[in-house]
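[1] What shape does this take:
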Amino acid sequence: MLAPRAVLFDFDYTLADSSPGVIESVNWAMRSMGLPRRADDAIRRTIGLSLARTFTTLTGDAAEGAGRFAELFIERADEVMAERTSLLPGAREAVLALANRGYRLGVVSTKFRRRIETVLARDGLRAPFEVIVGGEDVPAHKPDPACLLAALAHLRIGARDALYVGDSEVDGEAAHRAGVALVGVLTGTTTREALGTWRPSVVLEHVGALPDWLEDNCDGR
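    Numbering: from 1, shown residues only. Predicted structure coming up:
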């Protein structure tokens, strides 16, 4: 039976919804490059990917333009992302409940750490998180496990002592490669079946269900 000491969260579509800011920033970059607007749903499906993979997925261009796209995206996101990001229902309550039970908490995301910290601080939820690993903190992004390994190293715990809560297949692959147990949530664009490919301990409807599941299913609490 699982007995985690730490719970690590993905950010987008797990704790928060930044899709309005991402859609705005992607299409602002596309327009600035003279490229057609992309559909909102197509952009939503890229959330959680690196900016280079986002550009490739949306345009089919494997290299040319990705660097400029990233520059333009970041420029616009610096202006709009925080104000267009909101915590998902139940996220605050789940984080505070787990902190009160003594779990060590972290966020592990491809999103820039400063954006995550801004949103959490704005909403009074920065203090419970002992570690935040963002896209600028590691040399390779999910599904590479570098981000999770960095968080584990910061906390000085082993992979068996942590859970990773995420909504996407890149979260699942990163957890698998890091040796960390996965808890899937269905608040993103990934189906239960797709998350099941990565053998999660459970797939929950939303992160708000996590404290009760941990209480019912994990040793030592």
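[2] Please, where are all the helices along the chain?
    With DSSP state H, the ranges of helices along the chain come out as 19-32, 40-44, 51-59, 66-80, 91-100, 113-122, 146-155, 169-178, 192-196, 210-217.
[3] which residues touch the second one?
    Right, the one you point to is helix 40-44. With contacts defined as C-beta atoms under 8 Å, 6 or more residues apart in numbering, helix 40-44 is touched by 19, 22-23, 26-27, 54, 58, 189. Yep, even glycine has a C-beta here, placed from its N, CA and C like the rest.
[4] Mind doing that once more with 10 Å?
    Applying C-beta atoms under 10 Å, 6 or more residues apart in numbering, the contact partners of helix 40-44 are 12-13, 17, 19-20, 22-27, 30, 37, 54, 57-58, 188-189.
[5] Buried ones from these, can you make that a PyMOL selection?
    PyMOL command restricting these to the buried ones, with burial defined by 16 or more other C-beta atoms under 10 Å:
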select buried, resi 12+13+17+19+22+23+24+25+26+27+30+54+58+188+189
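[6] Can you tell me how far the closest residue to Glu83 other than its chain neighbours is from Thr85?
    Leaving out its chain neighbours, the residue that sits closest to Glu83 by C-beta to C-beta, 6 or more residues apart in numbering is Gly21, at 7.6 Å. According to C-beta to C-beta, to the nearest Å, Gly21 stands 6 Å off from Thr85.
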